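Colleague: With the input below, show me the fold.
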Amino acid sequence: MSELVKQESGTELAKAERTRTGTTYTPRFDIVEHQDELVLYGDLPVVTPDNLDIRFENNLLVVHGKVEPRHQDHEFVYGEYGIGDYHREFQVREDVDPDKITADLKNGVLCIHLPKSETAKPRRITVQSQ
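Modeller: Predicted structure coming up:
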């Protein structure tokens, strides 16, 4: 099975890190391998496609999303929904065709398709008899 390395900062998932510039969340992802592609499914609630930046360079997949403040005109009694950035990085250890990478966002779930290049796809070797 292909290997995608966990995020660069460690092994904990869905952790909030507070910095001087705000809060950054580490979203959870599932990774599935098919014969022709790797598919990543990530939870990014309330992120819109306009606030999402996905980059792939030197076998590093970077996902960055921003959650804009909601209900600014309300006084909260209690609030758990975080405002800040989502950030996750994956070192891809599979030969991927970067020109064919696609992504879609539906109901807060990001789906990224990383098609394998032809050289990375399994192929059957014919054995000849002598």
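
Colleague: Only C-alpha atoms from now on, for both contacts and neighbour counts.
Modeller: Noted.

Colleague: Pull the number of nearby residues for the residue lying closest to Leu60 once chain neighbours are set aside.
Modeller: Distances taken as Cα to Cα, 6 or more residues apart in numbering put Gln91 closest to Leu60, at 4.7 Å, once the chain neighbours are dropped. Using other Cα atoms under 10 Å, Gln91 has 18 other residues around it.

Colleague: correct me, but Gln91 touches Val63?
Modeller: No. Applying Cα atoms under 8 Å, one finds Gln91 not in contact with Val63, separated by 11.8 Å.

Colleague: Show me where the protein dips below the pLDDT cut-off.
Modeller: Applying pLDDT under 70 to the chain flags residues 1-15, 19-21, 79-82, 120-122.

Colleague: before we move on, which element is the residue nearest to Leu60 in?
Modeller: Assigned by DSSP states H and E, Gln91 belongs to strand 84-92.

Colleague: what packs against that strand?
Modeller: strand 4-5, strand 22-25, strand 60-67 (3 or more Cα pairs under 8 Å, 6 or more residues apart in numbering; DSSP states H and E).

Colleague: elements contacting the longest one?
Modeller: Using 3+ Cα pairs under 8 Å, 6+ apart as the contact criterion, the secondary-structure elements in contact with strand 60-67 are strand 52-57, strand 84-92.
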